[in-house]
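Student: Just a sequence and a predicted model for now, questions to come.
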Amino acid sequence: MLNVNDTLQEVKDDQKFVSIIIPTFNESLNIRELLNQIQFNIPAKTNVEIIIVDDNSPDGTGLIVEKYIEENSKAPKQKLISKNVLIRVIHRKEKAGLIAAIVNGIGLCKGKNVLIMDADFSHPPEVINKMISELKKAPNCIIIGSRYVDGGAIDGMSFKRFLLSQGANWIARHGLSLKNVYDPMSGFFAFPKHVLQDVEFNTNGFKILLEILIKKNNNICVKEIPYTFRDRKHGQSKLDFSTIVDYLKAVWKLYRYGRKSKRQNTQSESRKSVKFISKAARFYTVGASGFVLNYIISILFSNGILGNLEYLQATAVGIAVSVTTNFLLNKFWTFEDKNRDLIRSIKQYGMFVGCSSLGILIQFLSIYFLRESGMSYDISLLLGVTIASVSNFLFNKKLTFKENIWE
Ligand SMILES: Nc1nc2c(ncn2[C@@H]2O[C@H](COP(=O)(O)OP(=O)(O)OP(=O)(O)O)[C@@H](O)[C@H]2O)c(=O)[nH]1
Ligand SMILES: [Mg+2]
């Protein structure tokens, strides 16, 4: 069970202005210096509580903090480091995930506001001062330390990590419709505790801010202040393949949450990104079904079960049947076109065949140009098929079913 060191009498009823919550796992080389620097950067006369939430770090991070408190307390057994700063440690039994650790810290903190940061110096303590003053100016806003607004930067991150971070950020902003937030993946942010009223955390992810923004239906004031993210000072990253899988699972859960709550509010799905993605998913599902059908029909017409055609004729029947079923499924299911007028449908069918042929031509040309420019055949083929499938979808959306591209 949790063992919470909150025995200090001075704070029993005293609400701090802000609780700085720092989850730790194996941060023994960073934690002392971090605690020193945070205290150095707290504005005078602001009552602050620093809570370290440690998941029983094998390198003794939790115990190091205990010792730090003991050495620096004003009096024995007190955890008050200076007149306005108190430090506490929450010792958790085992490593049970970052969001769980942070939620645990928030549940036990005494601050009116909460500030979350990492322990590895990726989040510079010098910015805390600015965040606290923003909290004072905008008491109902989430203040986000942002790498992606003017003045923000990333320093010393490996190219692979940079790509992962950019990819994850893109997915969050576009897939979850958070376009007005530039750094929804930030782990460095502050907010008034009341923001979390009626927010229930249920992803097992790494990015608690993302979950807060989605659960507030993106309907909360957000202020981003720039900072320079630096690679961790000491110690090892906890980011591994399972973190990426957890992230994708969390995004999927939040995506469905957003869709459900939007439906409840508007009775129908109105987010353009959601419509676009769901239509693309249907279009490619239809394409896959056509591929299977094409194969089965061609075989059945060549081996005597449905006919005894020459292989080229059997292939032509397979193509004709699958193009027709693809068209009908896309018309009535993918693009939900209820109009059954025969002439209109025949025209649409012609356009569908034209767009599909254009897709084939685009595939040939892309592969030709990529291959001739020196790229290997397998990569050229992969890119060619991708370009052709995307253009096939977009052309049919725009030209056959007369929809705007982005909806
Ligand atoms: N309590 C707790 N803290 C964790 C856990 N995983 C990571 N942390 C802490 O959360 C913060 C962020 O973790 P990092 O390992 O720095 O993750 P990252 O910033 O994505 O990756 P790097 O900076 O490359 O290490 C650090 O302070 C870690 O010590 C966990 O399971 N439990
Ligand atoms: Mg880090």
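Tutor: Everything's here; your move. Ligands and ions are numbered 1, 2, ... in the order given.

Student: Excluding covalently adjacent residues, which one is nearest to the residue nearest to the spatial centre of the chain?
Tutor: Central residue of the chain (CA atoms, centre = their mean): residue 172, 3.9 Å from the mean position. Spatial nearest neighbour of residue 172, chain neighbours left out: residue 184 (4.7 Å); criterion: CB to CB, 6 or more residues apart in numbering. Backbone N, C-alpha and C define where each C-beta goes, glycine included.

Student: what sits against the closest residue to residue 127 other than its chain neighbours?
Tutor: Leaving aside its sequence neighbours, residue 127 sits nearest to residue 227 (CB to CB, 6+ apart; 4.6 Å). Residue 227 makes contact with 123-124, 127, 145-147, 152, 188, according to CB atoms under 8 Å, 6 or more residues apart in numbering.

Student: State the distance from residue 227 to ligand 1.
Tutor: Distance, residue 227 to ligand 1, using CB to the nearest ligand atom, to the nearest Å: 14 Å.

Student: Kindly report the same for residue 42.
Tutor: Distance of residue 42 to ligand 1, given as CB to the nearest ligand atom: 19 Å.

Student: which residues touch the spatially closest residue to that residue that is not a sequence neighbour?
Tutor: Spatial nearest neighbour of residue 42, excluding adjacent residues (CB to CB, 6+ apart): residue 48 at 5.1 Å. By CB under 8 Å, 6+ apart, the contact list for residue 48 reads 16-20, 42, 84-86, 111.

Student: partner residues bridging residue 48?
Tutor: In this entry, residue 48 is beta-bridged to residue 18, residue 85, by DSSP bridges.

Student: circling back: can you pull the phi/psi pair for the residue nearest to residue 172?
Tutor: Backbone torsions for residue 184, taken as degrees, to the nearest 10, come to phi -70, psi -10.

Student: And the one 3 residues further on, by the same measure?
Tutor: Geometry field for residue 187 lists phi and psi as phi -100, psi 10, criterion degrees, to the nearest 10.

Student: so it touches residue 117, yeah?
Tutor: Yes: here residue 187 reaches residue 117: they are 7.2 Å apart, a contact under CB atoms under 8 Å.

Student: Please identify every residue contacting each of these two.
Tutor: Here residue 187 and residue 117 have residue 123 as joint contacts, going by CB under 8 Å, 6+ apart.

Student: Which one's more surrounded, those two?
Tutor: Set residue 187 next to residue 117 and count neighbours by other CB atoms under 10 Å: residue 117 wins out with 26 against 19.

Student: could you pull out the helices for the chain?
Tutor: 31-40, 61-72, 98-108, 128-137, 159-170, 208-215, 241-266, 272-302, 311-329, 342-372, 377-395 (DSSP state H).

Student: Tell me the one of the contacts of residue 48 nearest ligand 2?
Tutor: Distances from ligand 2 to those, taken as CB to the ion, are shortest for residue 20 (16.1 Å).

Student: What is the burial count for residue 150?
Tutor: Neighbours around residue 150, by other CB under 10 Å: 8.

Student: Kindly report the same for residue 132.
Tutor: Neighbour tally, residue 132, other CB under 10 Å: 22.

Student: can I assume it is in contact with residue 45?
Tutor: No: using CB under 8 Å, residue 132 and residue 45 do not qualify as a contacting pair, with a distance of 11.0 Å.

Student: okay, the helices of the chain in CSV with distance to residue 92 and mean pLDDT next?
Tutor: CSV is the format used below for these (distance: least, CB to CB, whole Å; pLDDT from 0 to 100):
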stretch, distance to residue 92, mean pLDDT
helix 31-40, 15, 94
helix 61-72, 9, 93
helix 98-108, 6, 91
helix 128-137, 24, 95
helix 159-170, 26, 82
helix 208-215, 16, 88
helix 241-266, 18, 73
helix 272-302, 37, 89
helix 311-329, 51, 92
helix 342-372, 52, 92
helix 377-395, 45, 89
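
Student: and among these, the most buried is which?
Tutor: helix 208-215 (a mean of 23; mean count of other CB atoms under 10 Å).

Student: Output the contacting helices and strands for that helix.
Tutor: helix 98-108, strand 142-146, helix 241-266 (3 or more CB pairs under 8 Å, 6 or more residues apart in numbering; DSSP states H and E).

Student: for these, which one sits closest to ligand 1?
Tutor: helix 98-108 (3.4 Å; CB to the nearest ligand atom).

Student: Off-centre distance for that closest one?
Tutor: 19 Å (CA atoms, centre = their mean, to the nearest Å).

Student: Would you mind naming what in the chain lies close to ligand 2?
Tutor: Contacts of the chain with ligand 2, taken as CB under 5 Å from the ion, map to 118, 120, 122, 232.

Student: In JSON lines, list those along with distance to residue 216, pLDDT and neighbour count.
Tutor: Output for these, formatted as JSON lines (distance: CB to CB, whole Å; pLDDT from 0 to 100; neighbours: other CB atoms under 10 Å):
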{"residue": "118", "distance to residue 216": "23", "pLDDT": "95", "neighbour count": "18"}
{"residue": "120", "distance to residue 216": "28", "pLDDT": "93", "neighbour count": "23"}
{"residue": "122", "distance to residue 216": "25", "pLDDT": "93", "neighbour count": "23"}
{"residue": "232", "distance to residue 216": "30", "pLDDT": "79", "neighbour count": "18"}
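
Student: could those be laid out in CSV, adding distance to residue 105?
Tutor: Below are those laid out as CSV (distance: CB to CB, whole Å):
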residue, distance to residue 105
118, 13
120, 17
122, 18
232, 20
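
Student: so what's residue 302 closest to, chain neighbours aside?
Tutor: Spatial nearest neighbour of residue 302, chain neighbours left out: residue 314 (3.7 Å); criterion: CB to CB, 6+ apart.

Student: Next: residue 94.
Tutor: residue 56 (5.6 Å).

Student: hang on, isn't the one you found packed against residue 96?
Tutor: No: the criterion here is CB under 8 Å, and residue 56 misses it with residue 96 at 9.6 Å.

Student: In contact with the residue of the chain positioned farthest from its centre: list those residues for me.
Tutor: Distance to the chain centre peaks in the chain at residue 308, reaching 53.7 Å (criterion: CA atoms, centre = their mean). Counting by CB under 8 Å, 6+ apart, residue 308 makes contact with residue 302.

Student: can you check residue 153 too?
Tutor: 147, 226, 228-229.
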